[in-house]
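Asker: sequence and computational prediction follow.
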Amino acid sequence: MEKRLSSSSSTLRSVILFSRTHYNQGMRSHYKQINKIILLGDWLALLLVTLVGFFNHNQQFQVGRYLATALPLCLAWFFSAPVFGLFSPDNVSLSSAWWRIIWAVSLSTPLALLIRALMLASSVQVSFALVMMLTSAFAILIWRLVWVRFIKR
């Protein structure tokens, strides 16, 4: 019995070591290939979505609240988009990237809103999360369309 436990624990250690190595190598390769213009354009699109949201609700512009929304959104996008290969110079074709943009936004927006809620000591409203996901995805898709049609040439 003891021999079985020892064997299974060494197998588990091997699996964990293999997955850590693979994960770290994979993530490093995602971040090595970042197209900085695409990243900056994505961030600008997200910053504009946040700004339009503030003015759409006739709120007085407060830098602190704006940054509490915009910065987590950009940070979460920076960590989720490479997982879907969205910063790679080879994968910018809109016909192959639109669904990956939607998945990345679906991952990054709730994370960003959770960070925002912690920063502001508030809750996350589902309607706000859905609207933020839709508008963020739309803004990034529009930016990527501009990139593919006019800038990439």
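Answerer: Now that the structure is in, tell me what you want to look at.

Asker: burial measure for the residue lying closest to residue 84 once chain neighbours are set aside, as a count.
Answerer: Of all residues not flanking residue 84 in the chain, residue 100 sits nearest, at 4.0 Å (C-beta to C-beta, 6 or more residues apart in numbering). Placement of C-beta: from N, CA and C, glycine included. A count of nearby residues for residue 100, using other C-beta atoms under 10 Å, gives 15.

Asker: and what of residue 142?
Answerer: Neighbours around residue 142, by other C-beta under 10 Å: 12.

Asker: how about residue 46?
Answerer: With other C-beta under 10 Å as criterion, residue 46 counts 27.

Asker: show me what the helix or strand where residue 67 lies is packed up against.
Answerer: Assigned by DSSP states H and E, residue 67 belongs to helix 63-80. Packing contacts for helix 63-80, counted by 3 or more C-beta pairs under 8 Å, 6 or more residues apart in numbering; DSSP states H and E, involve helix 36-56, helix 94-120.

Asker: mean pLDDT and distance to residue 70 for those helices - can I get that in CSV?
Answerer: Listed next are the helices and strands packed on helix 63-80 as CSV, based on pLDDT from 0 to 100; distance: least, C-beta to C-beta, whole Å:
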stretch, mean pLDDT, distance to residue 70
helix 36-56, 93, 4
helix 94-120, 93, 9
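
Asker: nearest to residue 62, of these?
Answerer: Nearest to residue 62, of all the helices and strands packed on helix 63-80, is helix 36-56, at 8.4 Å by C-beta to C-beta.

Asker: for the closest one, buried residues please.
Answerer: By neighbour count with 16 or more other C-beta atoms under 10 Å, helix 36-56 contains the buried residues 38, 39, 41, 42, 43, 45, 46, 47, 49, 50, 53, 54.

Asker: same question, stretch 98-111
Answerer: For stretch 98-111, by 16+ other C-beta under 10 Å, it's 101, 102, 103, 104, 105, 107, 108, 109, 110, 111.

Asker: between these, which is closest to residue 93?
Answerer: The closest of the buried residues of stretch 98-111, once distances to residue 93 are taken by C-beta to C-beta, is residue 101, at 11.6 Å.
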